[in-house]
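In: fold the following for me, if possible:
(chains A and B, ligands or ions: 2)
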Amino acid sequence: MWPLIAGEARKVLTTRVWLWLLLAAAGLTILYAVLTMAFADTPDALTAPLTTAEGQRTLFAVGGAAAPFAALLGAIGLTAEYRHRTATITFLTVPHRGQIITAKLIVHVLAGAAYAVVCISITTAVVPPWLASQDISIAVPARDLFATDLGVVTSVALFAAIGVGLGALIREQVAAVVTLLIYLFVVENILTNITALHQWTPYLPGQAQEALIGSTLTNQSLLTPWQGGLVLTAYSLAIATIGTLLTAHRDVT
Amino acid sequence: MVVAPAEHGRIVVEGVSKSFGPVRAVNELSFVVEPGGVTGFLGPNGAGKTTTLRMLLGLVTPDSGVARIGSRRYADLPTPAHEVGAVLDASGFHPARSGRDHLRVSCTLGGLPLRRVDEVLDLVGLSDAGTRRVRGYSLGMRQRLALAGALLGDPPVLILDEPTNGLDPEGIAWMRRLLQGFAEQGRTVLVSSHVLSEVQQLVDQVVIIRRGQLVHHGPLAELSGPDAHVVSIRSPRTEALTAALSAAEGCRVERAGPDRLRVTGVPASRIGDIAFAAGVMLHELTPHAVGLEDVFFSLTNATGTDSDPGVDPPGGAVTCGR
Ligand SMILES: Nc1ncnc2c1ncn2[C@@H]1O[C@H](COP(=O)(O)OP(=O)(O)OP(=O)(O)O)[C@@H](O)[C@H]1O
Ligand SMILES: [Mg+2]
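Out: Ligands and ions are numbered 1, 2, ... in the order given. Okay, the predicted model is just below:
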């Protein structure tokens, strides 16, 4: 298994897609942090005041913004095999397709975790000095802060696996990327704003992530972090399994 | 398991069929490729060559039948990179990756030492272009890179789909020397092409298919028997001449212009005799060098419905497509 993981890692690192997506993830993290810091204490803010522990925890959790980009990395990494027809060489070198998809999942999960670590570093570097400059003392217990960081790493990593699985399912690169972007940035936002669905929306992947990272948005009810983690894990396992099985059975022409 | 030497490296295709929807791409195809030679796998566009090779390499699952390398199916080979080198798609590269990185990825995945990368780049003459992105490679350079990838594991079996596509004459000559060298070392080399002339210099055995079925299998030399004559004739009385020639056994006459005929199957001297006996004068009688391409053409173009016998492929090892 080790050569497969090393080979798949080499694939990721020998093009620059990972770098552009990481920059985008970092950019969005900074943007969310700035917006939260600027508007958290205005009357119609969705976050609790930044003097409270909840508000601060939400601010520390903005690194979760890396999730869509980790998912994109996974989806692009897998669909590139079909788009550039390298799937042929890959499956010739490793005829056991289940193993190679597993290696791809592992590599992208690790890449997702790395994205999360970079984004957490950004929030860790930016938020405390800003709070200090506003004369706000840190109200989140260290334990909760650690739980948030762990949640960010786990959720972003799981989203990477979802991306790989979705890529294996769809195979068409443009379709996979568009599906991901539209779902994560449009569809889920619309669904969570329909009050009639509020009983179900906490189970959507993005909302499950919010629960897992411990951010609190005042207009949403969320699952507990554990439940969120389980739901997200279930999504990624299901989609990765379906993707792997399909890949193993479909002809490569 | 101990594998008998002859079986090792032999390619066996046994009654393989594959349909894509309504299209029967490969139909009950069987043939065996022995080590120690270069075998051409020929057929017109859409004959099913690529599909057959993909089934042989475990990329496409046959509807029925089985294809094996040695005694195993490709998917069951313990170390495929060491046992089979294959080129299926010269365009199968990530354009943003350098040729060298492409090979390094394959090496790592296949568990091969990275030093092989520079060795094969050198072997295919791409040492200088290795660090450039594949995006900027010419078609011929991509073919070389694909071949380099197939050679990474120094495999005893080489399977190449249209490897001469995009190569200049010098490139084809280079490929010929390389592949014949491999065959002389006792390796199995299977090369597909839809143009016989491109691989004619390269192969010693041919497997010819048409519409997914075997049409001819045997040594290349058998393809061009003494029967394969092509003669151009000019005469003012083509009708009378056609009638006279039609009586001759194995002779096939085609009209090539108002006063021109193209005759296959009998030598020019015989045509002269027949014309003399029939009292028809000839204004021109030009024998053409035996065209393997003509034989190939008639083998692969015989339409399924008419009674046109085409050129009978000599050698006996023939199954005609129905
Ligand atoms: N993935 C596919 N889906 C549908 N039809 C296919 C597919 N792959 C091949 N075919 C059909 O199967 C037949 C054989 O195709 P194949 O590519 O094997 O031919 P070929 O001999 O390699 O031709 P060429 O010389 O053009 O490369 C063709 O009719 C083709 O249209
Ligand atoms: Mg083909």
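In: residue ranges of the helices in the stretch 1-150 of chain A, please?
Out: A:2-13, A:17-39, A:53-60, A:67-83, A:87-93, A:97-133, A:142-170 (DSSP state H, counting those that start in this stretch).
In: and if you look at chain B?
Out: Remark: helices assigned in chain B by DSSP state H are B:49-56, B:80-83, B:99-110, B:115-123, B:139-151, B:169-184, B:196-199, B:220-223, B:238-246, B:268-278, B:292-301.
In: out of those, which comes closest to chain A?
Out: Judged by CB to the nearest CB, the one of these that comes nearest to chain A is helix B:99-110, at 3.4 Å. Quick note: C-beta positions are derived from backbone N, CA and C, even for glycine.
In: ok so, going back, go through the helices of the stretch 1-150 of chain A and name the closest to residue B:190.
Out: helix A:87-93 (14.5 Å; CB to CB).
In: about what we covered before: weakest of the helices of chain B in terms of mean pLDDT?
Out: The weakest mean pLDDT among the helices of chain B belongs to helix B:292-301, with a mean of 70.
In: just the CA trace of that one, in CSV.
Out: Coordinates of the C-alpha atoms in helix B:292-301 are reproduced here as CSV (Å, rounded to 0.1, in the frame of the first residue of the first chain):
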residue,chain,number,x,y,z
LEU,B,292,1.0,-6.0,-49.3
GLU,B,293,-1.3,-3.0,-48.7
ASP,B,294,-3.5,-4.4,-51.5
VAL,B,295,-3.7,-7.7,-49.9
PHE,B,296,-4.4,-6.1,-46.5
PHE,B,297,-7.0,-3.9,-48.1
SER,B,298,-8.9,-6.7,-49.8
LEU,B,299,-8.7,-8.8,-46.6
THR,B,300,-10.2,-6.1,-44.5
ASN,B,301,-12.6,-4.6,-47.0
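In: and that helix, how far from the chain's centre?
Out: With CA atoms, centre = their mean, to the nearest Å as the basis, helix B:292-301 stands 12 Å off its chain's centre.
In: same question, stretch A:226-245
Out: Offset of stretch A:226-245 from its chain centre (CA atoms, centre = their mean): 13 Å.
In: same check on stretch A:225-236?
Out: 12 Å.
In: what's the answer for stretch B:76-89, then?
Out: Using CA atoms, centre = their mean, the offset of stretch B:76-89 from its chain centre is 20 Å.
In: which outside residues touch it?
Out: By CB atoms under 8 Å, 6 or more residues apart in numbering or on different chains, the list of residues contacting stretch B:76-89 from outside reads A:85, A:88, A:92-95, B:50, B:53-54, B:57, B:59, B:69-70, B:74, B:106, B:110-112, B:143, B:146-147, B:149-161, B:163.
In: cross-check those against ligand 1 and keep the overlap.
Out: The residues of these that also fall near ligand 1, by CB under 6 Å from any ligand atom, are residue B:50.
In: show the buried residues in the contacts of stretch B:76-89.
Out: A:85, A:88, A:92-95, B:50, B:53-54, B:57, B:59, B:69-70, B:74, B:106, B:110-112, B:143, B:146-147, B:149-153, B:155-161, B:163 (16 or more other CB atoms under 10 Å in any protein chain shown).
In: grab the nearest non-local neighbour of residue B:13.
Out: Using CB to CB, 6 or more residues apart in numbering or on different chains and skipping the chain neighbours, the partner closest in space to residue B:13 is residue B:67 (4.7 Å).
In: show me the contacts for the residue of chain A found nearest ligand 1.
Out: Here chain A gets closest to ligand 1 at one residue, residue A:253, 3.6 Å apart by CB to the nearest ligand atom. Neighbouring residues of residue A:253 by CB under 8 Å, 6+ apart: B:20, B:50, B:51, B:54, B:59, B:60.
In: what's the spacing between the last one and residue B:52?
Out: If I follow you right, that is residue B:60. Residue B:60 sits 9 Å away from residue B:52, going by CB to CB, to the nearest Å.
In: those two: which is more packed in?
Out: With neighbours defined as other CB atoms under 10 Å in any protein chain shown, residue B:60 and residue B:52 compare such that residue B:52 has more, 28 against 23.
In: which non-adjacent residue is nearest the more buried one?
Out: Nearest residue to residue B:52, sequence neighbours excluded (CB to CB, 6+ apart): residue B:26, at 5.4 Å.
In: and residue A:89, by the same measure?
Out: Counting by CB to CB, 6+ apart, the residue nearest residue A:89 is residue B:92, at 5.5 Å.
In: the one you found: neighbour count?
Out: Neighbour tally, residue B:92, other CB under 10 Å: 22.
In: residues contacting it?
Out: A:84, A:85, A:86, A:87, A:88, A:89, B:146.
In: hmm, residue B:29 is touching residue B:66, no?
Out: No: with contact defined as CB atoms under 8 Å, residue B:29 does not reach residue B:66; the gap is 11.4 Å.
In: overlap in contacts of the two?
Out: B:15, B:16.
In: between those two, who's got more neighbours?
Out: Looking at residue B:29 and residue B:66 with other CB under 10 Å, you find the greater number of neighbours at residue B:29, namely 24 against 13.
In: show me what the more buried one is bridged to.
Out: Beta-bridge partners of residue B:29, counted by DSSP bridges, are residue B:16.
In: just the pLDDT at it, thanks.
Out: The per-residue pLDDT reported for residue B:29 equals 96.
In: same deal with residue A:219?
Out: At residue A:219, pLDDT is 66.
In: repeat for residue A:32
Out: As predicted, residue A:32 sits at a pLDDT of 93.
In: quick one: it from residue A:45, how far?
Out: Between residue A:32 and residue A:45 the distance is 13 Å, computed by CB to CB.
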